[in-house]
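Enquirer: The following block contains a protein sequence and its predicted model.
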Amino acid sequence: MTKFRLSLALLSLFTLTACAAPPGTWGWYVIDPTTSAGWTNITFLLRGFSATIQISVIAAVASIIIGLLVALPAFARSRWLRLPNRIYVEFIRAIPLLPMLFWVFYGLPVVLRSMGIDLNIDPFWGAVITLALSDSAFTAEIFRSGIQSVPRGQAEAAQTIGLTRAQAMRYVILPQAVRRILPPLANQFIYIVKMSAFASVIGMAELTRRANELVVTEYRPLEIYTLLILEYLVLVLIISAGVRWLERKMNADESR
């Protein structure tokens, strides 16, 4: 409810500011749903939701898979098996998202062609690959800390009933760890949704790209970017509500 009230407060602030401004200061007509031109601009912006959601969901799923695969070697007994985990996490976390996006979109096809693989990467998959790789390092650390938070006695009890180390991880440790890491994973998904805006710089027609294109034609950046902010706000609020519902459901199942 707090976030919902905050969104209403922001919307009210924008409205009051627009009403208090001298005539001619604002150009809200560009996103006025009561006019044909305003409604056309709004629908043009809203069509960017599809690309943003698709990029974010696919990147989040890939990030979770990669993050889990990267996190598991961190629990190996051998130092040499743990080393790739630390190298990957520290290396990926050190690279800013925008340079990584440029490297994946422009540089990776060159590397592949040098290996005899003629493969072009379109803006959609360039954004997905970049977001998945960038977020996977953080997701790996979330999995590692979540797994470590499960009492050691759980693994020992699983092994006493005949489960192997891998079976104990799959059937005993991970189910408990997932409940603990759900909130930080939700935060990472929100992070991916917001960072998907960087896909606009390589030509992906998501929310931010469409807003930029509309600004070029209408010359009203404040009003259009205000609507863009509200679009992201609504999207994040929906995700947060879904995560809270899932947390309540998991807690209810656990208490039975």
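Expert: Yep, it's here.
Enquirer: Next, the buried residues of whichever strand or helix holds Val236.
Expert: Using DSSP states H and E, Val236 maps to helix 221-255. Neighbour counts over helix 221-255 (16 or more other Cβ atoms under 10 Å) mark 223-224, 226-228, 231-232, 235-236, 239-240, 243 as buried. All C-beta spots, glycine's among them, are computed from the backbone N, C-alpha and C.
Enquirer: Show me which pair in those residues is furthest apart.
Expert: Pairwise distances across the buried residues of helix 221-255 peak at 31.1 Å for Glu223 and Val243 (criterion: Cβ to Cβ).
Enquirer: coming back round to it: closest to Leu81 out of the buried residues of helix 221-255?
Expert: Minimum separation from Leu81 among the buried residues of helix 221-255 (Cβ to Cβ) is found for Val243, which lies at 33.1 Å.
Enquirer: separation between the closest one and Asn187?
Expert: Separation of Val243 from Asn187 (Cβ to Cβ, to the nearest Å) stands at 9 Å.
Enquirer: just to revisit the earlier point, so which of the buried residues of helix 221-255 comes closest to Ala62?
Expert: Nearest to Ala62 among these, counting by Cβ to Cβ, is Ile239 at 17.5 Å.
Enquirer: Skipping its backbone neighbours, what lies nearest that closest one in space?
Expert: Nearest residue to Ile239, sequence neighbours excluded (Cβ to Cβ, 6 or more residues apart in numbering): Ile190, at 5.9 Å.
Enquirer: Show me what the helix holding Val236 packs onto, helices and strands only.
Expert: When contacts are defined as 3 or more Cβ pairs under 8 Å, 6 or more residues apart in numbering; DSSP states H and E, helix 221-255 sits against helix 2-20, helix 36-46, helix 48-71, helix 174-195, helix 207-218.
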